[in-house]
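Novice: Turn this into a model:
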Amino acid sequence: MKDVLVIIPTYNEIENIDNIIISTFDLYSDINILIVDDNSPDFTFKKVQELQTRFKGQLSLLKRSKKEGLGTAYIEGFKWALQREFNYVFEMDADFSHNPKDISRLLKPIIEDNYDVSIGSRYINGVNVVNWPLSRIILSYTASIYVRIITNMHIKDSTSGYICYKRTVLESINLDNIKFTGYAFQIEMKYKAYLKNFKLKEIPIIFSDRKYGVSKLNSTIISEAIFGVIGMRIKQILNIKF
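Specialist: Numbers count the residues shown, from 1 in each chain. I've put the predicted structure just below:
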């Protein structure tokens with residue numbers, strides 16, 4: 001798995017970061033991890049720097065000057081990956097809501113079945129979410145239905161943030177044109193891959209809410225997703241580049 005990179009964006013994840021890094025390397029000794037930290041006030045980045053001496057050459061850190069959002073963190077991570085010899089690039093959360101054990105499951109359809117994007121799906125087999133309040137489940141599940149109706153993209157968990165991209169997908173997308181930062185970023189990336197006729201595969205996962213730290217979800221992110229999806233669809237219908 002030397003050509004696999006797992007990108008983990010962080011902001012105030014000091015309670016989770018060492019565990020997620022060590023657990024991932026314990027499972028996959030030859031994998032690579034890139035932490036993109038938005039200058040966390042709790043000094044998450046310092047813990048990463050300490051661990052870099054233990055995982056030399058495999059654990060990297062991009063420290064940004066301020067909080068700039070999930071989407072821009074991944075875009076910087078994607079660009080970093082494309083400057084190096086990585087063929088498979090993952091998005092994964094730091095808080096164990098995404099189980100590192102599922103990395104191999106998401107990678108399998110891309111390597112063995114020639115898919116281009118593999119999505120860890122909470123909704124492909126019912127609703128597989130642990131410890132979320134009912135209101136949050138309804139919001140997320142309804143959002144996925146809404147995206148399917150608006151875009152005609154047959155993905156049941158379009159807001160999923162546990163994803164593996166084949167290098168060719170990231171190379172084909174103009175990353176500088178990605179507009180959104182929250183839920184809509186996840187939708188936009190999948191939609192652009194879909195419009196370019198890449199093969200997308202959903203893999204069922206169990207999503208567990210974080211035990212430590214604070215969720216970054218807010219009303220601005222929700223609004224961005226609602227109106228952003230409509231805007232993308234209108235541009236696609238009118239054949240306007242986006």
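Novice: How about Y162, nearest residue that isn't a chain neighbour?
Specialist: Once flanking residues are discounted, Y162 sits nearest to G120: 3.2 Å by C-beta to C-beta, 6 or more residues apart in numbering. The C-beta positions use only the backbone N, C-alpha and C, and glycine is treated the same way.
Novice: so who does that neighbour touch?
Specialist: H98, D102, L106, D157, S160, Y162, I163, I203, I205, F207 (C-beta atoms under 8 Å, 6 or more residues apart in numbering).
Novice: try 6 Å this time
Specialist: Shown in contact with G120 (C-beta atoms under 6 Å, 6 or more residues apart in numbering): D102, L106, S160, Y162, I203, I205.
Novice: Low-confidence ranges, the chain, go.
Specialist: By pLDDT under 70, the low-scoring segments of the chain are 210-226, 242.
Novice: which residues in the chain form strands?
Specialist: 4-10, 32-37, 59-63, 88-91, 117-121, 129-130, 163-166, 200-204, 207-208 (DSSP state E).
Novice: now the angle between strand 4-10 and the second one, please.
Specialist: Right, the one you point to is strand 32-37. Taking axes from the mean of the first three to the mean of the last three C-alpha atoms, to 10 degrees, strand 32-37 and strand 4-10 form an angle of 20 degrees between their directions.
Novice: from the chain's centre, how far out does strand 32-37 sit?
Specialist: Remark: strand 32-37 is offset 12 Å from the chain centroid, using C-alpha atoms, centre = their mean, to the nearest Å.
Novice: swap in stretch 126-133?
Specialist: The answer for stretch 126-133 is 18 Å, by C-alpha atoms, centre = their mean.
Novice: same deal with stretch 29-44?
Specialist: Per C-alpha atoms, centre = their mean, the centroid offset for stretch 29-44 relative to its chain is 14 Å.
Novice: Now it: buried residues?
Specialist: Of the residues in stretch 29-44, I31, N32, I33, L34, I35, V36, D37, D38, S40, T44 count as buried by neighbour count, 16 or more other C-beta atoms under 10 Å.
Novice: Thanks again, I'm all set now.
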